[in-house]
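> How does the following fold in three dimensions:
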Amino acid sequence: MTTDVEIYARTTSNRLMIADFLETLDDNQWQTETLCAGWNAGHMAAHLLQPMLVGVGQFVRSVLRFRGDIDRTVDHFTRKLARKPRHELIALLREHAPDQVNPPRIGPLGPFTDTCVHLRDIARPLGLPIDVPNEHWCIVLDYLTSARVVRTLVPPGRLDGLDLVATDTDWRGGSGALLTGPIEALGMAASGREAALTDLSGPGRAVLAGRLRGAAPHEG
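This next block holds a predicted model:
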């Protein structure tokens with residue numbers, strides 16, 4: 001079992017990789033919409049910084065202001081932070097890369113999962129192959145398919161009755177209708193990214209497609 005110390009180290013590595021990646025994007029790529037509707041690369045950089053720059057108390061007060069709507073609260077802080085200049089967002093991501101964030105009810109696996117999924121949220125629409133190691137996706141999928149995953153990441157029922165099998169590593173999870181493909185695509189689809197279904201196959205694909213259709217990916 002992966003320890004919290006190991007998760008923190010992997011999260012740090014991923015944040016630094018994302019910062020390096022963001023620095024390579026041209027202006028058009030920076031403005032391209034990610035798989036999170038309405039967010040470009042700048043919004044995603046701001047979102048990844050949110051756990052480090054927005055205190056729990058501040059976040060809770062805003063949740064109350066938005067009448068319990070977590071998505072609106074996350075979007076509010078993301079857009080506020082995204083007003084910072086591009087170079088500052090990237091510098092802050094590097095500066096705070098080692099921060100050990102442990103959100104209530106989610107723990108270190110939440111921010112770690114965000115780094116894996118949101119990197120691909122940016123890169124997939126751009127057709128760029130940059131990705132975290134497969135072993136990171138194994139950890140992510142172990143979490144997403146577990147009973148302890150929070151509903152903001154995987155709503156109840158999304159993965160019920162599905163047998164997820166990676167074709168590029170030996171990871172497998174769940175039971176039921178077979179859904180196969182690269183582990184990155186499995187992780188993205190499990191996270192609600194309908195675009196990743198094109199890389200998957202098996203009878204479970206239609207099942208998951210029906211559950212994801214019309215549901216925008218949660219920002220995480």
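
> what about Trp137, how many residues close to it?
Using other C-beta atoms under 10 Å, Trp137 has 28 neighbouring residues. C-betas here are computed from N, CA, C, even on glycine.

> Hmm, it is touching Cys116, no?
Yes - look at Trp137 against Cys116 with C-beta atoms under 8 Å: they come within range, at 6.5 Å.

> Determine the residues that are contacts of both of those two.
Common contacts of Trp137 and Cys116, defined by C-beta atoms under 8 Å, 6 or more residues apart in numbering, comprise Gly187.

> Ends of stretch 58-72, what's the gap?
14 Å (C-alpha to C-alpha, to the nearest Å).

> Now do stretch 63-70: everything it contacts.
Residues outside stretch 63-70 that contact it (C-beta under 8 Å, 6+ apart) are Arg72, Thr73, His76, Thr152.

> Check stretch 189-197 too.
Stretch 189-197 has contacts (C-beta under 8 Å, 6+ apart) with 35, 113, 117, 120-121, 124-125, 141, 144-145, 153-154, 158-159, 164, 179, 184-186, 188, 200, 205, 208-209, 212-213, 215-218, 220.

> In strands, which of those residues appear?
If you go by DSSP state E, these have Leu164, Leu179 in strands.

> measure the closest residue to Gly157 other than its chain neighbours to Val149 for me?
Excluding its sequence neighbours, the residue lying closest to Gly157 (C-beta to C-beta, 6 or more residues apart in numbering) is Arg211, at 7.3 Å. Distance of Arg211 to Val149, computed by C-beta to C-beta, to the nearest Å: 15 Å.

> Tabulate the contacts of stretch 63-70 (TSV), appending distance to Leu22, secondary structure and pLDDT.
Converted to TSV, the contacts of stretch 63-70 look like this (distance: C-beta to C-beta, whole Å; DSSP: H, G, I helix; E, B strand; the rest coil; pLDDT from 0 to 100):
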residue	distance to Leu22	secondary structure	pLDDT
Arg72	25	helix	90
Thr73	24	helix	91
His76	22	helix	93
Thr152	24	coil	87
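
> which two from these end up farthest apart in space?
His76 and Thr152 (15.6 Å; C-beta to C-beta).

> Check the offset of the lowest-mean-pLDDT helix or strand in the chain from the chain's centre.
One helix or strand of the chain scores below all others by mean pLDDT, DSSP states H and E: helix 56-65, with a mean of 82. Relative to the centre of its chain, helix 56-65 is centred 22 Å away, using C-alpha atoms, centre = their mean, to the nearest Å.

> what comes up buried for that helix?
Neighbour-count burial for helix 56-65 flags Phe59, Ser62, Val63 (criterion: 16 or more other C-beta atoms under 10 Å).

> returning to that earlier point: let's see if you can find the most crowded of the contacts of stretch 63-70.
Using other C-beta under 10 Å as the neighbour criterion, Thr73 leads these with 21 neighbours.

> wait, isn't it in contact with Ser62?
Yes - here Thr73 reaches Ser62: they are 4.8 Å apart, a contact under C-beta under 8 Å.
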